[in-house]
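Novice: need coordinates for the following:
(one chain, ligands or ions: 2)
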Amino acid sequence: MNATATHVDSSGVTITDLHKSYGKVEVLKGIDMRVEPGEVVCLIGPSGSGKSTLLRCINVLETANSGTIEVAGFEATDPDVDLDVMRRHVGMVFQQFNLFPQMSVLENCTIAQTKVLKTPLAKAQEIARDALAKVGLADFADRYPDQLSGGQQQRVAIARALSMQPSLMLFDEPTSALDPETVGDVLGVMRQLADEGMTMIVVTHEMAFAREVADKVVFMDGGVVVEQGDPADVIGDPQHERTQNFLSRVL
Ligand code: ADP
Ligand code: MG
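Specialist: Ligands and ions are numbered 1, 2, ... in the order given. Next up, the predicted model:
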C-alpha cells in the first residue's frame, strides 16, 4: 500500500489503547487521547510517568507494542506507513535544542528543507526568514548557535521546526533546560503559535502556561492517563489524589 496516496490531511492526533514496553517494563499502559486540529494539549505528570515516551511514539521515534496512533492523517502505527513523509508533518522541539553548531542560524533553518523536501535554496531561505521573524529572531540569521542565549537557541529550534511547515508541533519540556530569565520569551513564542491555530502537544511543568494556553490538560502518572480535561478543572480543581499530590509539589 502506498501510505501517501491514502493520506487525508489533518493536524489532529488520535491515540487508542497505546501500550509500550521497554523489555519487561511496561511504560505506557493503555493510553487514550484525542487532539483536535488547532488544539493545544498540555501533558503534565511526574518524572518517569511516560510523557516523553508518548511523544516519541507519536512520531515513531519509538515503536508502540500495541494500540493505534493516527497523526496528521497518517496511521503512525501501520507498519507500511512512510515515516519519512509522515514526519514532515510533525515538528518536534526537545529540552536540548541540538542545533547544528557549525551552521548559522539561517542554515539551521534551511538544511532540512533543501535536503529532505528538496526546496530550492532561495525559497528555503525565504521560509526560514519568515520562521525566524515569527520567533522574534529576524536579525539573528547570520549568527551561530554559540553566540546565542539558551532561550534564543530554543527559539531557533522552534523556527527550524516551523521551517518544515508542519501540521502539528510536539514540545518535550522546551523550557526545562533554560535560564529562568529566557523562559518567558520561549513561552511567548509558543503562546503566539497557539493563538495562530497551530495544533500542539506540549509536555511542560509550566502550570501557568498550561492553565492559560491549553485547551486540554492531560495528567499522566505511572503510564496511564489519570485525569484529563479543561485546564481549569484538571489544574484548578483536580479530582484525583494523584493529580492533587503532583500539583501540590509543582505549583
Ligand atoms: P517522563 O518523560 O514522563 O519523565 P519517560 O517517558 O522518559 O517519562 O520514561 C518513562 C519510563 O520509561 C521511565 O521509567 C524510564 O526510565 C523508562 N524509559 C524511558 N526510555 C527508556 C529506554 N529507552 N529504555 C528503557 N527504559 C526507558
Ligand atoms: Mg520526559
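
Novice: how many neighbours does K51 have?
Specialist: By the other CB atoms under 10 Å criterion, the neighbourhood of K51 contains 21 residues. For the C-beta atoms, the positions are set from N, CA and C on the backbone; glycine is no exception.

Novice: hang on, it packs against M220?
Specialist: Yes. Using CB atoms under 8 Å, K51 makes contact with M220 at a distance of 5.8 Å.

Novice: common neighbours of the two, please.
Specialist: Contact criterion CB atoms under 8 Å, 6 or more residues apart in numbering; residues shared by K51 and M220: L43, I44, G45.

Novice: wait, doesn't the first one sit right on V203?
Specialist: Going back to what we said before, that points to L43. Yes. Counting by CB under 8 Å, L43 does reach V203; the two are 4.6 Å apart.

Novice: of the two, who's got more company?
Specialist: L43 (28 against 23).

Novice: measure that one to G229 for me?
Specialist: Going from L43 to G229 by CB to CB, to the nearest Å gives 13 Å.

Novice: how about the secondary structure of the closest residue in space to V234 that isn't next to it in sequence?
Specialist: Once flanking residues are discounted, V234 sits nearest to V217: 4.2 Å by CB to CB, 6 or more residues apart in numbering. Per DSSP: H, G, I helix; E, B strand; the rest coil, the secondary structure class of V217 is strand.

Novice: again, but for L193
Specialist: Going by three-state DSSP: L193 is helix.

Novice: the helix or strand containing L54 vs ligand 1: in contact?
Specialist: For L54, the element it lies in under DSSP states H and E is helix 51-58. Yes. For helix 51-58, a contact with ligand 1 is found by CB under 6 Å from any ligand atom, at K51, S52, T53.

Novice: in that helix, what's buried?
Specialist: K51, S52, T53, L54, L55, R56, C57, I58 (16 or more other CB atoms under 10 Å).

Novice: contact partners of it?
Specialist: By CB under 8 Å, 6+ apart, the residues outside helix 51-58 that reach it are 13, 15, 18, 20, 27-28, 31, 33, 43-45, 62-64, 69, 71, 76, 90, 92, 170, 172-173, 201, 203, 220.

Novice: tilt between whichever helix or strand comes after it and helix 51-58?
Specialist: Downstream of helix 51-58, the next assigned helix or strand under DSSP H and E is strand 66-71. Strand 66-71 and helix 51-58 are oriented at 70 degrees to each other (axes from the mean of the first three to the mean of the last three CA atoms, to 10 degrees).

Novice: name the helices or strands packed onto strand 66-71?
Specialist: strand 13-22, helix 51-58 (3 or more CB pairs under 8 Å, 6 or more residues apart in numbering; DSSP states H and E).

Novice: one more time with 10 Å
Specialist: strand 13-22, strand 25-35, helix 51-58 (3 or more CB pairs under 10 Å, 6 or more residues apart in numbering; DSSP states H and E).

Novice: so what strands line up beside the first one?
Specialist: Under the criterion DSSP bridges, strand 13-22 sits next to strand 25-35 (antiparallel), strand 66-71 (antiparallel) in its sheet.

Novice: the next helix or strand along the chain from the last one - contacts with which helices or strands?
Specialist: Spelled out, it's strand 66-71. Remark: after strand 66-71, the chain's next helix or strand is strand 74-75, criterion DSSP H and E. Secondary-structure packing of strand 74-75 (3+ CB pairs under 10 Å, 6+ apart): helix 83-87.

Novice: so which of the shared contacts of K51 and M220 is the closest to Q102?
Specialist: Taking CB to CB as the measure, Q102 sits nearest to L43 out of the shared contacts of K51 and M220, at 33.3 Å.

Novice: now the closest one. Its backbone dihedrals?
Specialist: Backbone torsions for L43, taken as degrees, to the nearest 10, come to phi -110, psi 120.

Novice: doesn't V218 make contact with it?
Specialist: Yes. L43 is within contact range of V218, at 5.1 Å (criterion: CB atoms under 10 Å).
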